[in-house]
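In: Sharing a model that was predicted from the sequence below.
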Amino acid sequence: MIVSKELVKSLCDMQGLRVPESEMENVAIRLSTWMSAMEQIEADMGDLIQTVDPIPPVFPKEDI
């Protein structure tokens, strides 16, 4: 999946992230690479991907 600099800028604006214009190309390339990898993982796993709960990227310090 190719992510354009314009899409990155829009996504950053929606989240209130301030990314320098000089870094937009770098962010777009990295996001494109990540999205392409995720597409491949989903293709390899097929319907199995829907059977696993996602793991949160940050674990709270307190017990839930």
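Out: Structure's in. What do you need?
In: what number of residues lie near Gln40?
Out: 10 (other Cβ atoms under 10 Å). Quick note: C-beta positions are derived from backbone N, CA and C, even for glycine.
In: Could you pull out the buried residues of the helix or strand hosting it?
Out: Using DSSP states H and E, Gln40 sits in helix 24-45. Across helix 24-45, burial judged by 16 or more other Cβ atoms under 10 Å covers 24, 27-28, 31-32.
In: Same check on stretch 2-22?
Out: So, applying 16+ other Cβ under 10 Å, buried residues of stretch 2-22: 3, 8-9.
In: so what's Val19 up against?
Out: 8-9, 12, 27 (Cβ atoms under 8 Å, 6 or more residues apart in numbering).
In: Adding pLDDT and distance to Pro57, write these out as a markdown table.
Out: As requested, the contacts of Val19 are arranged in a markdown table below (pLDDT from 0 to 100; distance: Cβ to Cβ, whole Å):
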| residue | pLDDT | distance to Pro57 |
| --- | --- | --- |
| Val8 | 95 | 20 |
| Lys9 | 95 | 24 |
| Cys12 | 95 | 19 |
| Val27 | 96 | 18 |
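In: Could I get the residues you listed in a markdown table, plus columns for distance to Asp47 and secondary structure?
Out: A markdown table is the format used below for those (distance: Cβ to Cβ, whole Å; DSSP: H, G, I helix; E, B strand; the rest coil):
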| residue | distance to Asp47 | secondary structure |
| --- | --- | --- |
| Val8 | 31 | helix |
| Lys9 | 35 | helix |
| Cys12 | 33 | helix |
| Val27 | 32 | helix |
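In: so which of the residues you listed comes closest to Glu39?
Out: Closest to Glu39 out of the contacts of Val19 is Val8 (17.6 Å), distances taken as Cβ to Cβ.
In: so the closest one makes contact with Asn26?
Out: No - between Val8 and Asn26 there is no contact under Cβ atoms under 8 Å: 9.5 Å.
In: how close does Val19 sit to Gln40?
Out: 26 Å (Cβ to Cβ, to the nearest Å).
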